[in-house]
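J.: show me the folded form of this:
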Amino acid sequence: MRALLISGDRSGAGKTIVTLAIAGLLAQESAVQTYKVAMDYIDASYLAGITGRPSYNLDTFVQTPKETAGLFAYGAKDAEFGIVEGVRGLYEGIDALTDVGSTASVAKQFDLPVILVIQARSITRSAAALVKGFAAFDPHIRIAGVILNNVMGERHISKAKLAIEHYCGIPVLGAVPRRPEMELTMRHLGLVPYREGADNAEFQERINCITGVIGGYVDIDRIRSVAEERTPAGNDVTRMLEERPEPEKTVAVAYDGAFNFYYGEQTAVLESLGARIVYFSPLCDRLPEADGYIFGGGYPEQFAEKLATNAAMQEAVLETAKNEVPIYAECGGLMYLTRSITLEGGWQGREKPLSCRMCGVFPGNTRIPVKRTLGYVTGMAHLPCGEFAFRGHEFHYSDIVMDAGVSYAYRLSRGAGIAGGCDGAFVHRTLGSYVHLMPISSREMFGSFFGLASRP
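T.: Model prediction:
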């Protein structure tokens, strides 16, 4: 596999649409494996959608080096090109003095050549100073090319390109003009998930437009030449992900427009533990029979009224919980398992508040929007099946007020959780939290929670 990494000089530089276009262009002729730095679902969903292969997340704060390397190797099987999309600016990490959790840490771990996307609006010669600073900041980072974004006209491009190549000795591989059709549909939490828009013809046309436009302004052959041979050797984590023992139990996973925030390796992790996976839609299906259930994150607030109309699903979920069947829910899934979701007046143009009935597994009510909660989380899970240290991420604009006396299985040493550093509401055998966990890093906990055999 020949691989490269695409980063931005900052959030909003345009690295997502540039990466999406490059992955799509390469995938027209080659098998392309994509990866996303950090615990991001939405960018990864686009990359998976345009290449036809699951996209995997690499996070050097949540994952151990062995897990990151093992997942990189697992994805590389049968791939000709590997493209890693960065997060925020190249050097942004968990703190100011280390690169843990940053795009740079992934670039260094795999010695990947970096293509730097520059927000070049209103700068020309200063773009060279910016690139030179990024190149000199860490001698272990190799910036192999630059793509200018948001440029205006040939004179702008010519001056910025000449300055960068003269002062930095780094080639400019493309310059993308400022055009309104380049904007992906936005939501209050960011991009619309690919799964939600995949059946919409206008949405698909916009994706095709972005790929086509950027394809006309980047040198895809030179980008191919930047990629370097990085076929990784597998390790114990790779071999674990490749295991497919005879299924012992069935785990049903909620997957539709409302619930689609899942990491690419989740299926492999569960199947390696002996699970058979089935998918269902809380929006329109009946609850399938299974030995355990997963309700992932997503945007239940966008579908609150439709979710409320599927009373048969809600009643079945509540009955299943009372029957002590294991149910695991994250963020949007947690919201769905509360008594109600209230959409506040003024939210997305709504004149009056609207309260929609949910499942009622947890004795609490959800409201949205509230102040944004965003960041890494660390803590300990205290469950009947065992105690587990974990690292994860939380990102939400909702708030849940639980009744007094609710039990919490998570004690956080970092992060907000549901209330006062407590998370992981636990009722019957149902666990719901704002924390998003990477399955590869929490495999033992998931195996124990669902009663699946633990394999090293």
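
J.: who touches stretch 40-56?
T.: 16, 19-20, 23-24, 27, 31-36, 57, 71-72, 74-75, 79, 83, 85, 87, 190-195, 198, 207, 211, 260-265, 267, 297 (CB atoms under 8 Å, 6 or more residues apart in numbering). C-beta coordinates here come from the backbone N, C-alpha and C atoms, glycine included.

J.: stretch 337-345 too?
T.: Contact with stretch 337-345 is made by 295, 300-301, 304, 317, 321, 327, 329, 335, 350-369, 398, 400, 430, 432, as judged by CB under 8 Å, 6+ apart.

J.: 6 Å instead?
T.: 301, 304, 329, 335, 350, 352-362, 364-367, 400, 432 (CB atoms under 6 Å, 6 or more residues apart in numbering).

J.: stretch 384-391 too?
T.: So stretch 384-391 is contacted by 62, 378, 380, 381, 437, 442, 445, 448, 449 (CB under 6 Å, 6+ apart).

J.: what about 7 Å?
T.: Stretch 384-391 is contacted from outside by 61-62, 376-381, 437, 441-442, 444-445, 448-449, using CB atoms under 7 Å, 6 or more residues apart in numbering.

J.: before we move on, what about stretch 412-428?
T.: Contacts of stretch 412-428 (CB under 7 Å, 6+ apart): 321-322, 324, 361-362, 373, 375-379, 381, 394, 400, 402, 406-411, 431-435.

J.: from those, keep the buried residues only.
T.: Among the contacts of stretch 412-428, those scoring as buried are 321, 361-362, 373, 376-377, 379, 381, 394, 400, 402, 406, 408-410, 431-435 (criterion: 16 or more other CB atoms under 10 Å).

J.: looking at the contacts of stretch 384-391, spot the one nearest residue 130.
T.: Using CB to CB, residue 61 comes nearest to residue 130 of the contacts of stretch 384-391, at 26.2 Å.

J.: how far away is that closest one from residue 352?
T.: 42 Å (CB to CB, to the nearest Å).

J.: what of residue 388?
T.: Distance of residue 388 to residue 352, computed by CB to CB: 43 Å.

J.: of those two, who's got more company?
T.: With neighbours defined as other CB atoms under 10 Å, residue 388 and residue 352 compare such that residue 388 has more, 19 against 8.

J.: did I read that right, that one in a helix?
T.: No. Using DSSP: H, G, I helix; E, B strand; the rest coil, the secondary structure at residue 388 is strand, not a helix.

J.: who is it paired with across the strands?
T.: Assessed by DSSP bridges, residue 388 has beta-bridge partners residue 381.

J.: now do residue 177
T.: residue 151.

J.: my guess is it contacts residue 154, does it?
T.: No. Counting by CB atoms under 7 Å, residue 177 sits too far from residue 154 to count as a contact (10.0 Å).

J.: before we move on, the earlier item: and the contacts of stretch 337-345, which of them are buried?
T.: For the contacts of stretch 337-345, a burial check counting by 16+ other CB under 10 Å picks out 301, 304, 329, 335, 356, 358-362, 364-367, 400, 432.

J.: just to be sure, which of the residues you listed are found in strands?
T.: Here DSSP state E is the test, and these give 329, 356, 364, 365, 366, 367, 400, 432 as lying in strands.

J.: for residue 115, state which of these is nearest.
T.: residue 329 (38.2 Å).

J.: separation between that closest one and residue 449?
T.: From residue 329 across to residue 449, the span is 12 Å (CB to CB).

J.: swap in residue 404?
T.: Residue 404 sits 26 Å away from residue 449, taking CB to CB as the criterion.

J.: give me the more crowded residue out of those two.
T.: Comparing residue 404 with residue 449 by other CB under 10 Å, the one with more neighbours is residue 449, at 21 against 5.

J.: report the contact partners of residue 67.
T.: By CB under 7 Å, 6+ apart, residue 67 lies in contact with 237, 440, 441.

J.: which stretch of helix or strand covers it?
T.: According to DSSP states H and E, residue 67 maps onto helix 65-76.

J.: show residues contacting the helix or strand following that helix.
T.: Under the assignment DSSP H and E, the closest C-terminal helix or strand after helix 65-76 is strand 81-89. Under the criterion CB under 7 Å, 6+ apart, residues 1-11, 15-16, 19, 22-23, 26, 30, 32-38, 40, 43, 47, 58, 76, 103, 106, 112, 227, 230 lie in contact with strand 81-89.

J.: alpha carbons of strand 81-89, as PDB, please.
T.: The C-alpha trace of strand 81-89 is given here as PDB (Å, rounded to 0.1, in the frame of the first residue of the first chain):
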ATOM      1  CA  PHE A  81      -3.500   3.400  -1.600                       C
ATOM      2  CA  GLY A  82      -3.900   4.500   2.000                       C
ATOM      3  CA  ILE A  83      -5.100   8.100   2.700                       C
ATOM      4  CA  VAL A  84      -5.100   9.500   6.300                       C
ATOM      5  CA  GLU A  85      -7.200  12.600   6.900                       C
ATOM      6  CA  GLY A  86      -6.000  14.700   9.800                       C
ATOM      7  CA  VAL A  87      -8.000  16.600  12.400                       C
ATOM      8  CA  ARG A  88      -7.900  20.300  13.000                       C
ATOM      9  CA  GLY A  89      -4.400  21.800  12.400                       C
END
